[in-house]
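Student: Give the three-dimensional model of this entry:
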Amino acid sequence: MKILGKIIGAVVGFMITRNGWGLLAGLFLGHLWDLGVLRPRPPVRSASFLNPLFAFAGAVSKSDGRVSEAEIQAAEALMTRMQLDGDQRRAAIDSFNRGKQPQFDPQPAIAELRAWAHGRRDLGFLLLDLLLDIVHADGALSNEKLGLIRRLAGALGISDNEFGALSAMKGYGRRGPGAGAGPQPGGGRTARPQPDRPDPYAILGLTRGASDRDIKTAWRRLMSQHHPDKLGDVPDELKRRAEQRAREINAAYEQIKNERGH
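Tutor: Numbering: from 1, shown residues only. Now for the predicted structure:
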């Protein structure tokens, strides 16, 4: 839990006003700073993530020994959704083919994606989101695929639990009371999201035993991480994804409140 912003905000607020109201106001602003709401965000280089993204997608697809037709179709579907022009599509295909070569080292692609995100976790979540359909195209996650996607998530500052919650939003997490959201190597996955609604607690990265306070805190944190208005100059597909994630987070929060009678 980040507290430095709260401490500094409370101290500065009290020093300026010399009363408790100033302390509380400074504490609140410091809390927003810790959440990343008030921090200046570096500019985004619009589409420079495309080549390393598809190279990494090729490496993930090949990591379990072969690239399947389902994985190729998922990569092509992503190119279509992103509305790549002719040159961009050819470059993306070349990158995917390069990534699936046996001698390909995925670390430079991971480093490029990390540099593009520039420490912004909201962009990190979106990069992982774009890869999910390709990663899960064959259904069950192999240990090799899981290891690679965890490497990328770690480089982007996204924990296993957060990646599991992101997966649950698209229906790749396990469902039902008390079900966790984390990736399950070797089982528990389907090639496409199922029509039933994912567990709302998994979407928030929580279990059903979470307190009301923990639920509200998780909802606020996720909304800050996925808010589309903070993205800046990014391709439309990334904005659309962020908007969808925000709707799913809000829907999960409302479902939990309704279940608890709030």
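
Student: and Arg150, how many neighbours?
Tutor: 15 (other CB atoms under 10 Å). Backbone N, C-alpha and C define where each C-beta goes, glycine included.

Student: What is the burial count for the closest residue to it other than its chain neighbours?
Tutor: Among residues not flanking Arg150 along the chain, Asp160 sits closest, at 6.6 Å (CB to CB, 6 or more residues apart in numbering). Counted with other CB under 10 Å, the neighbours of Asp160 add up to 15.

Student: and Asp160, how far is that from Arg151?
Tutor: Remark: distance between Asp160 and Arg151 (CB to CB, to the nearest Å) = 12 Å.

Student: So which residues make contact with the helix or strand containing Ala55?
Tutor: Assessed by DSSP states H and E, Ala55 sits inside helix 50-62. Helix 50-62 is contacted from outside by 67-68, 71-72, 75, 78-79, 82, 84, 88, 91-93, 95-102, 104, 106, 108-110, 112-113, 116, 127, 130-131, 134-135, 137, 145, 148-149, 152, using CB atoms under 8 Å, 6 or more residues apart in numbering.

Student: Narrow the residues you listed to just the buried residues.
Tutor: Buried subset of the contacts of helix 50-62 (neighbour count, 16 or more other CB atoms under 10 Å): 67, 71-72, 75, 78-79, 82, 84, 88, 92-93, 95-96, 98-100, 104, 106, 109-110, 112-113, 116, 127, 130-131, 134-135, 137, 145, 148-149, 152.

Student: Where does pLDDT dip in this structure?
Tutor: Confidence mapping of the chain against pLDDT under 70 gives the ranges 1-2, 5, 9, 13-14, 32-47, 173-197, 228, 230-235, 237.

Student: quick one, domains of it?
Tutor: 4-35, 50-259 (automatic domain parsing).

Student: the helices in the stretch 51-200 of the chain, which residues?
Tutor: Secondary structure of the stretch 51-200 of the chain, counting by DSSP state H, counting those that start in this stretch: helices at 69-81, 86-99, 107-117, 121-135, 143-155, 160-169, 200-203.

Student: Packing partners of the third one?
Tutor: Under the contact criterion of 3 or more CB pairs under 8 Å, 6 or more residues apart in numbering; DSSP states H and E, the helices and strands touching helix 107-117 comprise helix 50-62, helix 121-135, helix 143-155.
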